[in-house]
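*Asks:* Following is a predicted model, sequence given first.
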Amino acid sequence: MSFKIDIFSSDIKETSDGNFIHFVNIQDIDVKLQTLIEENITSIWDGDFGNPIDVVKSEIFNFLTTKSDDIKKGAIAEFITHLYLKVCGFNQECLFKNLEEGSIKKGFDGYYSFSNEEWIMESKSGSIDTNGISHKKKIKEAYDDLKNKIDGKGTNNPWSNAYNHAIVAGTSTDILKNIKALSINYVRKTFPDISTLNIIPASTIYHNGNWDDNVVKPDHDTIFQMSESFDYKKINIICVNKKSIDTLIEQMTQ
């Protein structure tokens, strides 16, 4: 895989087995990032449905204003990850919103394709003020959540959700067939092994308006050592540092 990143401040390290760990720092919303959000917010939220941008922003605003701070942080973290993966060249085969409730979807946080391979994403987030917070901890949480859903330990069929989203997102027939087969097998209690799947565990840490270069310094080795205990076919690990949540919410809703 090769990535052409010219907007985000990212530090990408390829591991010896051909996998990748991304550290992404978002200190401020500059003009380039602002433009990127404006150009992609509709497709990230709605897929091919095609609502005007003012309608999309109103829907996002209505969702965020009714939710707790933790849910807001989780939602914004998912959006950042969607946006970053788009820039990396991943095709988004899902929607940001929940088809049933107009809120953030349930099931997997993201389903993507890249060069004829399918990828599943799970996003976790937290505040720098939380005791013991670290990207290592959040990536482990994301991986465990993915594995539990794949192993059939979730509260619903994540593949069925992914299939419904993929249809609206305009996903190709081949990918739809793959997801549908996984959904049918899930109902039959036949679950795939996570070692046969490509996964993207993602972590976002909010720094509550502060920015310390030593704190946000990339730590690929620590993440890589932990990921050696993970099972996967291929993996991209995403670690995002965001200075604050407010500026991004303003950009997404105004």
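*Replies:* Yes, it's here. Keep in mind that what you see is a predicted model, and the values were worked out from it rather than measured.
*Asks:* I'd like the next helix or strand past the longest helix seen in the chain.
*Replies:* Across the chain, the longest stretch assigned as helix under DSSP state H is helix 69-88. Next along the chain after helix 69-88, taking DSSP states H and E as the criterion, comes strand 91-92.
*Asks:* which residue sits closest to residue 237, ignoring its sequence neighbours?
*Replies:* residue 21 (4.6 Å; C-beta to C-beta, 6 or more residues apart in numbering). From N, CA and C alone the C-beta is placed, and that goes for glycine too.
*Asks:* Phi first, then psi, for that neighbour.
*Replies:* With angles defined as degrees, to the nearest 10, residue 21 sits at phi -120, psi 120.
*Asks:* Give me the neighbour count for it.
*Replies:* Residues within reach of residue 21, counting by other C-beta atoms under 10 Å, total 24.
*Asks:* My guess is it contacts residue 228. True?
*Replies:* No: assessed by C-beta atoms under 8 Å, residue 21 is found out of contact with residue 228, at 11.9 Å.
*Asks:* for this protein, what spans make up the helices?
*Replies:* 31-46, 53-64, 69-88, 135-150, 158-169, 173-187, 220-227, 246-253.
*Asks:* Show me what the fifth one is packed up against.
*Replies:* Okay, so that is helix 158-169. Secondary-structure packing of helix 158-169 (3 or more C-beta pairs under 8 Å, 6 or more residues apart in numbering; DSSP states H and E): strand 110-114, helix 173-187.
*Asks:* Now do it and helix 135-150, the angle between them.
*Replies:* Relative orientation of helix 158-169 and helix 135-150, computed by axes from the mean of the first three to the mean of the last three C-alpha atoms, to 10 degrees: 100 degrees.
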